[in-house]
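**Q** I would like the atomic coordinates for the input below:
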Amino acid sequence: MAKAAALDIDLAAPTHQPPAATSPRTMKEKGREAEPSKNDTPVNFRWPAAEVKALKRAALEADMTQQDYLLSCFHAFLQAKS
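**A** Here you go, the predicted model:
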């Protein structure tokens, strides 16, 4: 078996630090409002997985966020109702 060679590492030498991971894009960078309104209230509800996928596809096709798409659907419903 070969004899181990001595490592000549200078522990005091500065080491290269990789750049930090990039932060996720904010809503402002995507061209939308970054800060939610102070009047916004979170609403949580459960949907079947198939319906969630359909909502995501529809919002993507309309080039809207899911929240904006749901709000536009709700407003359309209210107008059709009256």
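
**Q** what's the pLDDT at the closest residue to residue 68 other than its chain neighbours?
**A** Excluding the flanking residues, the one nearest residue 68 by Cβ to Cβ, 6 or more residues apart in numbering is residue 59, at 7.6 Å. To be clear about C-beta, it is placed using only N, CA and C from the backbone, and glycine gets the same treatment. Looking at residue 59, its pLDDT reads 94.

**Q** now swap in residue 40 and tell me
**A** 80.

**Q** Can you read off the backbone torsions of residue 4?
**A** Note on residue 4: backbone dihedrals following degrees, to the nearest 10 are phi -70, psi 140.

**Q** Report how many residues lie close to it.
**A** 6 (other Cβ atoms under 10 Å).

**Q** who are the neighbours in contact with the residue nearest to residue 68?
**A** 65-66, 68-69 (Cβ atoms under 8 Å, 6 or more residues apart in numbering).

**Q** Next step: these restricted to helices.
**A** Per DSSP state H, helices hold the following members of these: 66, 68-69.

**Q** hmm, back to that, and the host helix or strand of the residue nearest to residue 68, what's buried?
**A** Following DSSP states H and E, one finds residue 59 within helix 49-61. Buried residues in helix 49-61, counted by 16 or more other Cβ atoms under 10 Å: residue 59.

**Q** Extract the C-alpha trace of that helix and format it as CSV.
**A** In CSV, the C-alpha atoms belonging to helix 49-61 read as follows (Å, rounded to 0.1, in the frame of the first residue of the first chain):
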residue,chain,number,x,y,z
ALA,A,49,-56.9,18.5,-6.5
ALA,A,50,-58.5,18.4,-10.0
GLU,A,51,-60.3,21.7,-9.5
VAL,A,52,-57.1,23.3,-8.2
LYS,A,53,-55.2,22.2,-11.3
ALA,A,54,-58.1,23.6,-13.5
LEU,A,55,-57.9,26.9,-11.7
LYS,A,56,-54.2,27.1,-12.1
ARG,A,57,-54.4,26.4,-15.9
ALA,A,58,-57.2,28.9,-16.4
ALA,A,59,-55.3,31.6,-14.5
LEU,A,60,-52.2,30.9,-16.6
GLU,A,61,-54.1,31.0,-19.8
